[in-house]
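Engineer: Got a predicted model here, sequence first, then my questions.
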Amino acid sequence: MRPYFLKMSAAATASLLLVLAGCQGQVSDSGSAVSGGAATGTELPRVQAGKPQRKSLVQKTEQPGLVQAWMQADIHPRSSGVVQQVLVDIGDAVTADQESAQGQLLAVLSAPDLEDELRQKQALQRQAEAEIGQAKAAVQLAAASERSAEAEEAEAAAGRRRIEAEVARLTSESSRLAGLAESGSVTARLAEEAMQKRVAAESSLEELAAAVLSAAARRGEARAASVRADADLQAMEARRESAIAEVQRLQTLCGYLRIEAPFEGIVAARHVDRGDLATAGSGSKPLFTIVNTTRVRIAARVPEADAVHIHRGSSAVVKIPAMQQRQFSGEVARTSWTLDEQTRTLQVEIDLENADGILRPGMYANVELIVGQNDQALAVPKAAVTQQGGENICLVVGADGVLERRRVTTGLRTATDVEIVQGLEESDTVVTANTAAFREGQKVEIAANPK
């Protein structure tokens, strides 16, 4: 135990002597120690800094896109039938005449039941036309009967008027002779004969009155027959029009048995063979798919942040990865205007001429769109702007080398630069690299720009 104690005591003694010596030196030569520290100094942190520059900035957004055909149609049959002929295959070019609306024949269907129904309706049409001929003859006959009845009535009425006049004359003559017979100027027999003639004329008048009524009745019957004949004719004409419409409908359906190309293009798909039953309607698989690629649409979706800057006519560059990023220049031809509620993106389309057929529907594309441009933007390097508390911040080196925190409003952004809309002046010196490593109030030294 004793040797260990002696050893420890010696070490402690040596340490104590060193401490006392240091304290003595500091007390006796304090001024010399301080001046030495000031002369040596602590090296200030160096920062990369520069002034904002006026330059032309073009902000772009690049989004994935898809090459689509200018026109694409799935060809479904309008009439059901069995496929008799298939005249084209995938990859075949087809033609169409836009003026006559007739296209190249793609396939031919057979529908015997439809053709039989057409022949039946055509027979009904011919029957209706024959019935119309009969009805027209009946109308003419009824009109002639009506005219004859009118003539008989007129003749009977004229006879009645003639007898009425004769009755009036005989009545006057009978009265005159009766007066003369009483005076003895004429014989009684003469007066009696005059009276008998009057009575006979009155009887004839009654017969003619009855004849007039009978003729009027016959005229009424003839008129009714004429009206009925006219009505029958109109009904038959209506049946004929219905038959004609039915024939035209069936002729149209039979015409659909010939499947024609709706426009000039290429057969992109074929889903039919000879002997297949083609069912009318769009619920089944299409017989053919025809595409027109003389022009193509490049469809892309732009995020909400950039969508507000995209409009019809905005410049666009289309890059095709499968073609070693070959570029095609164009502009936005149309947009959906509204954003998709699920993806919050704007649908845009760029039209490109494709007469040589180098662009094919389904190709992947990258679409570069210009979001904004300012030829006199006040810009700083991208690294000069940091985010702190949801604000854009730049650090400005003061005249005394102390860092000042500035809130800035940014505008256009490129891969290397950011536009400063508010918060900086061209005379400010801004930290341009590793900004997050420094703080406001820190004193720094601006590093020399490397040559």
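Structural biologist: The structure has been received and is ready for your questions. No experiment lies behind these values; they were computed from the predicted model shown. Numbering: from 1, shown residues only.
Engineer: from here on, contacts and neighbour counts on C-alpha atoms
Structural biologist: Noted.
Engineer: all strands of the stretch 101-250 of the chain, in order?
Structural biologist: 102-103, 105-110 (DSSP state E, counting those that start in this stretch).
Engineer: hmm, I was thinking of the stretch 301-450 of the chain
Structural biologist: 315-320, 326-339, 345-353, 364-381, 386-388, 391-397, 403-407, 409-413, 417-422, 430-431, 445-446.
Engineer: Just want the angle from the second one to strand 315-320.
Structural biologist: Orientation note: strand 326-339 sits at an angle of 120 degrees relative to strand 315-320 (axes from the mean of the first three to the mean of the last three Cα atoms, to 10 degrees).
Engineer: Give me the nearest residue to the most centrally placed residue in the chain, chain neighbours excluded.
Structural biologist: When Cα atoms, centre = their mean is applied to the chain, the residue found nearest the centroid is residue 336 (10.6 Å). Among residues not flanking residue 336 along the chain, residue 347 sits closest, at 5.2 Å (Cα to Cα, 6 or more residues apart in numbering).
Engineer: can you tell me which residues contact that neighbour?
Structural biologist: 299, 300, 301, 302, 335, 336, 337, 339, 340 (Cα atoms under 8 Å, 6 or more residues apart in numbering).
Engineer: Which one, of the strands of the stretch 101-250 of the chain, ends up nearest to residue 316?
Structural biologist: The closest of the strands of the stretch 101-250 of the chain to residue 316 is strand 102-103. By Cα to Cα, the value is 35.3 Å.
Engineer: Direction included, what does that closest one pair against?
Structural biologist: strand 96-97 (antiparallel) (DSSP bridges).
Engineer: Need the residues that contact the partner strand.
Structural biologist: Counting by Cα under 8 Å, 6+ apart, 102, 103, 104, 261, 262, 263, 264 sit against strand 96-97.
Engineer: So which of the residues you listed wins on neighbours?
Structural biologist: Using other Cα atoms under 10 Å as the neighbour test, those are led by residue 261, with 25 neighbours.
Engineer: mind pulling up the phi and psi values for it?
Structural biologist: phi -70, psi 130 (degrees, to the nearest 10).
Engineer: re the thing from before, for the residue nearest to residue 336, list each beta-bridge partner.
Structural biologist: Assigned bridge partners for residue 347, using DSSP bridges, are residue 301.
Engineer: one step back: buried deepest among the strands of the stretch 101-250 of the chain, which one?
Structural biologist: Ranked by mean neighbour count under mean count of other Cα atoms under 10 Å, the strands of the stretch 101-250 of the chain are led by strand 105-110, which reaches a mean of 20.
Engineer: mean confidence for that strand?
Structural biologist: On average, the pLDDT along strand 105-110 is 95.
Engineer: Then stretch 218-226?
Structural biologist: Mean predicted lDDT for stretch 218-226 stands at 78.
Engineer: List of residues touching it?
Structural biologist: Against stretch 218-226 from outside (Cα under 8 Å, 6+ apart): 139, 141, 142, 143, 145, 146, 147, 148, 149, 150, 153.
Engineer: Among these, name the ones in helices.
Structural biologist: 139, 141, 142, 143, 145, 146, 147, 148, 149, 150, 153 (DSSP state H).
Engineer: Generate a ChimeraX selection restricted to the buried subset of these.
Structural biologist: To isolate the buried members of those in ChimeraX, using 16 or more other Cα atoms under 10 Å:
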select :139,141,142,143,145,146,148,149,150,153
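Engineer: Could you tell me how many residues sit around residue 130?
Structural biologist: Other residues close to residue 130 by other Cα under 10 Å number 14.
Engineer: what's downstream of the helix or strand bottoming out on mean pLDDT in the chain, the next helix or strand?
Structural biologist: Lowest mean confidence among the helices and strands of the chain (mean pLDDT, DSSP states H and E): helix 30-40, at a mean of 34. The first helix or strand that comes after helix 30-40 along the chain, using DSSP states H and E, is strand 46-47.
Engineer: Need the single longest strand in this protein, by residues.
Structural biologist: Looking across the chain with DSSP state E, the single longest strand is strand 53-75.
Engineer: Which strands or helices does that strand pack on?
Structural biologist: Strand 53-75 is packed against strand 288-303, strand 364-381, strand 409-413, with contacts defined by 3 or more Cα pairs under 8 Å, 6 or more residues apart in numbering; DSSP states H and E.
Engineer: Dump those strands into a markdown table; add mean pLDDT, mean neighbour count and distance to residue 401 as well.
Structural biologist: Below are these laid out as a markdown table (pLDDT from 0 to 100; neighbours: other Cα atoms under 10 Å; distance: least, Cα to Cα, whole Å):
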| stretch | mean pLDDT | mean neighbour count | distance to residue 401 |
| --- | --- | --- | --- |
| strand 288-303 | 96 | 22 | 42 |
| strand 364-381 | 93 | 20 | 19 |
| strand 409-413 | 92 | 18 | 24 |
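Engineer: In CSV: the ones you listed, plus distance to residue 319.
Structural biologist: Below are these laid out as CSV (distance: least, Cα to Cα, whole Å):
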stretch, distance to residue 319
strand 288-303, 10
strand 364-381, 5
strand 409-413, 21
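Engineer: Looking at those, which is nearest to residue 388?
Structural biologist: The nearest among the helices and strands packed on strand 53-75, by Cα to Cα, is strand 409-413 at 13.1 Å.
Engineer: that older thread, which one of the strands of the stretch 101-250 of the chain lies nearest to residue 355?
Structural biologist: That would be strand 102-103 among the strands of the stretch 101-250 of the chain, by Cα to Cα, at 20.3 Å.
Engineer: Name the surrounding residues that touch the closest one.
Structural biologist: 94, 95, 96, 97, 260, 261, 262, 263, 264.
Engineer: Repeat that for stretch 234-246.
Structural biologist: Against stretch 234-246 from outside (Cα under 8 Å, 6+ apart): 121, 122, 124, 125, 128, 129, 131, 132, 135.
Engineer: and the residue lying closest to residue 211 once chain neighbours are set aside, how many neighbours does it have?
Structural biologist: The shortest distance from residue 211 to any non-neighbouring residue, by Cα to Cα, 6+ apart, is to residue 156 (6.0 Å). By other Cα under 10 Å, 22 other residues sit near residue 156.
Engineer: what about stretch 330-350, how long is it end to end?
Structural biologist: Separation of the first and last residues of stretch 330-350 by Cα to Cα, to the nearest Å is 7 Å.
Engineer: tell me how far it is from the chain's mean position?
Structural biologist: 14 Å (Cα atoms, centre = their mean, to the nearest Å).
Engineer: mind listing what's buried in that stretch?
Structural biologist: Buried, per 16+ other Cα under 10 Å, within stretch 330-350: 330-335, 339, 345-350.
Engineer: Kindly report the same for stretch 111-126.
Structural biologist: Buried-residue list, stretch 111-126, by 16+ other Cα under 10 Å: 111, 114, 118, 121, 122, 124, 125.
Engineer: Could you point out which residue ranges in the stretch 51-200 of the chain have low pLDDT?
Structural biologist: 177, 181, 184-186 (pLDDT under 70).
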